[in-house]
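Q: Next input, structure requested:
(chains A, B and C)
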Amino acid sequence: MSLARQDAVPTYVVYAASLIVGLMIWEVAAQQIPRIIFAPPSVVAVELYNGFASGKLVVAFAGSLAHLVLGFVLAVAVGVPLGFLVGRNRTAYYLLDPTISGIYAVPPIAFVPFMIIWFGLFFEARVALVFLMSFIEILVTVSAGARGIEQSYLDVARAFGARGRDALVKVMFPAVLPFVFTALRIGLVRAIHAMIVAELFFASANLGRVMKDAAQRFDTGGLLAVVVLLAVFGLIVQEVLKQIEARVIPWNMRD
Amino acid sequence: MHWLRNKWTLRALGIASALLIWEALGRTVGEALLAGPLLVIPELVELVADGEMPRELAGSLRQMLLGYVLACCVGMPVGVAMGRSRIFDAILRPWVNMLVVTSVASLVPLLIVMVGTGFGFRVLVVFIASVFYIVLTAYQGTRGIDPRWVGVGRSFNASRLRTFWRILLPASYPFLITGARIGLVQAIRGMVVAELYVLVGIGGLVNTAGLYISTANLLALMVTLMAVGVTANEALRYVGRRVAPWYEERYANGA
Amino acid sequence: MLNRRKVIQGIGLGLGTGIAGVGTLASQLAFAEAQRVIKFQLLGFTLSIHVPSYAAVHDILPSMGYGTSSVTRIKQIRIATQNMVAGSADLGETDPPTVLRAAEAGADLKIIGHFYNNTTLVLVANGDKVKSVEDLAKPGIRIAIASKGDVTHVVLVGPMQNRGIDPDKLTFIEMAGSGTRMRALLADRVDASLIHFDQAERVAKQGNFKVVIEPHKEYPVWVNEVWVANGAWLANAKNRRAAVDVLKATLTAFRRANDDLDWFTDKYRKFASFKNSKDATAEQLRPVWEALRGPINAWPKDMGFNVENFRGLLPAYKASGAIAGTVDLDSVVQTQYVEQALDELGG
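A: Model (predicted):
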């Protein structure tokens, strides 16, 4: 597809090399500056190992996952159908578009004081924030996708006699699935952000609490350990979603 | 009743009904939970007249814009370069992927010990919040560029640099614009995150507003942020239409 | 399109800006020789106990030949310390535990004086929900402090332990700024708040709020806020001079505040953070003033700055988890600047 010639070295090897070189640079650079500012990867690795071995990180992670999963599942359950409706129904779209765009334009974190008033400072508030941040993203992406379905596909289907429900299942669902998967991926990334933001701005708990305690001790190693953990987690879930997508809609292979 | 199907009528109707529902809900639950528009609008007027809020907002936006422009200047070329060069891509992409899923809120304590909480800090937070999104969007756009265009350039002996400037960059305009819009949304989010943490600017005002008995002040601030976001997005959309009008038609919505 | 004209215009613009820039810099340097401006980092809420030091920074220092002080207000104590680590200001107002913790982690921070002595912080609780001190440990009771590991946290741990309450059972909510914590209590977002006693007075008038813990009665010696400087900054002789002058200004302010209610009232009107502090009268402030210069002794004539104060508090800091306990106190606490200031001031 691209004009690049076939490289002798497979891509994965270059990725790995890039990561290793990057880590080495980080290690050397961080050794030069005071630990209180930035910890090197070696220290972070030790922190991660200790955290898992002692179970502290495991417990914290599990606690964080609780509101992540609940909030995200709710957001998908409400956001996908609603996005579909808004995308396909012209009246619904124009009626709701100003409100949705308006809410999308507000930085979700600005809702934090509002959440505190409505849901308090603990679990319910965390779920609510995860829901809010991912729901909006999912809604907008799915509706954009649903709107963009090439009219030509539907016309062809109708020309072959597909009506109503048939057209829906056989043409539109497959056509909108790529966008649903994109929405799930973006929504999940936002949900992970919300997961940690909730624990930093409401009553601190789980991973957010671990981060705050590390920050209080000026323990940049511990702080970065959680950051790295979250980054790796985010990458893994995205990869998993990509794999699922590849199996469900194999004709839509993008990178 | 043809006028009812007109999209502007529908939009206006949508806004009107949203406002009505808001007011009704507000009266039902009380202004401690949800102040209705009739309370929020006078509050907003007072905030503007009083002068403090516009001042803080201007300060916030100044730093946000600087960080955002820097992110565009750095992110766009990097993304395009990644899209065209396998080596560049292989070196940078693992890091970009990891950093884009990292919540900027979790990096804030690190940034504070590095650069303090002054002007530079806020610019840096906005930069980090938006640059990776811009890079990724530019990257995805560049990869989609029809290779034949590049072939045409080559057959006319265009040097690589000229190809970059004269063919690749203009062809990537639509994606750069989309990247710019996504980046702007993230920049505004980053701005508020940093400010909710160090309690300055409009974010700081939002934090204090959360403690008033009535939610009118808080909602007024959120409406302000909404206005900022919508205006910025429309401004970029306008630019996008001027630069690449054909793009908008095929993908008429877009988040 | 780049053509020759644009290139020349560009060069001209560049040169012009460069000359203007150099000129401004030069004039600023010249000015700087004449009038040094010290960059301060102070906390966000000013109450009666803070007033003399604020007066020192804003009023007394300029009268000593310095330019108008450049002041940044930081709302959160812990962030103030982090800022000092990053070198964002010349001198900062922050608290001992966070500074000692930073020093343990390798930061080069020095405590050079008290911002004021003792403390007016009290724990005020919502009388409907908290009938006794033990109630504080009930699940769901939210206690607002500034941040864990700082004075507002540590100051509570001692009294809690004295009453046999396990500090780990308490639910702390972090809120920057005593003003914020006061309002959170009034708005029922938290059930107890660590605020200053002048704020406690106001809160008590607005509902069933009671003071449940008065830390200054439970610690023989307590240091709440200190003057902090970066060790690297102090390496420069001019900066050391500035440090001594700031301490002289602080001592002068302490002495005037102790002796002169009218002076205190005047400064309170100017600097205190309450919305209607401009209208405060001497008679209104008298009880607070008497308490501050009497039993609390917030502004001693010689500052009473001694490394032993901190040594005595180390156990409390450790017990609350604020520090690990490995800090070398004698290298962090530097008394020579106060000593020099006292020498130069006499009396």
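Q: give the contact list for whichever residue of the stretch 151-255 of chain A sits closest to chain B.
A: Of all residues in the stretch 151-255 of chain A, A:G234 sits closest to chain B, at 3.1 Å by C-beta to the nearest C-beta. For every residue, glycine as well, the C-beta is placed using N, CA and C. Taking C-beta atoms under 8 Å, 6 or more residues apart in numbering or on different chains, we find A:G234 in contact with A:V189, A:I192, B:M98, B:V101, B:T102.
Q: Check B:G210 too.
A: The contact partners of B:G210, taken as C-beta under 8 Å, 6+ apart, are A:V112, A:P113, A:F114, A:I116, A:I117, B:L218, C:R189.
Q: Report pLDDT for the first one.
A: Confidence per residue is given as pLDDT, and for A:V112 that number is 91.
Q: Could you give the average pLDDT over the strand or helix carrying B:Y197?
A: Under the criterion of DSSP states H and E, B:Y197 resides in helix B:169-198. If you average the pLDDT over helix B:169-198, you get 83.
Q: And that helix, what does it pack against?
A: For helix B:169-198, the elements it packs on are helix B:52-84, helix B:104-115, helix B:119-143, helix B:201-209, helix B:216-243, helix B:245-250, judged by 3 or more C-beta pairs under 8 Å, 6 or more residues apart in numbering or on different chains; DSSP states H and E.
Q: Which residue would be the closest one in chain B to chain C?
A: B:G116 (3.2 Å).
Q: any idea how far that residue is from A:A62?
A: Noted for B:G116: a distance of 36 Å to A:A62, by C-beta to C-beta, to the nearest Å.
Q: okay, the two: which has more neighbours?
A: B:G116 (23 against 11; other C-beta atoms under 10 Å in any protein chain shown).
Q: What parts of chain A come near chain C?
A: A:34-37, A:116-117, A:121, A:203-204, A:212-213, A:215-219 (C-beta under 8 Å from any C-beta of the partner chain).
Q: how does it look with 6 Å?
A: Within chain A, the positions adjacent to chain C are A:P34, A:R35, A:I36, A:A203, A:Q216, A:F218 by C-beta under 6 Å from any C-beta of the partner chain.
Q: quick revisit: show the model's pLDDT score for the residue of chain B closest to chain C.
A: Reported pLDDT for B:G116: 89.
Q: Show me which residues of the helix holding B:Y197 are buried.
A: Residues of helix B:169-198 classed as buried: B:169, B:171-198 (neighbour count, 16 or more other C-beta atoms under 10 Å in any protein chain shown).
Q: Can you give me every residue that contacts C:D95?
A: Shown in contact with C:D95 (C-beta atoms under 6 Å, 6 or more residues apart in numbering or on different chains): C:I77, C:D150, C:V151, C:E225.
Q: now C:A125
A: C:A192, C:V212.
Q: What of C:A257?
A: C:P52, C:F264, C:W299.
Q: try A:P113
A: A:P113 neighbours (C-beta under 6 Å, 6+ apart): B:G210, B:L218.
Q: at 8 Å what do you get?
A: B:V206, B:N207, B:A209, B:G210, B:L211, B:L218.
Q: before we move on, what about B:A227?
A: Contacts of B:A227 by C-beta under 8 Å, 6+ apart: none found.
Q: would you list every one of the strands in the chain?
A: Unless you meant another one, I'm taking chain A. Per DSSP state E, chain A has no strands. Nothing in it meets that criterion.
Q: wait, I meant chain C there
A: C:39-43, C:70-74, C:91-94, C:109-116, C:121-126, C:142-145, C:171-174, C:192-196, C:209-213, C:225-230.
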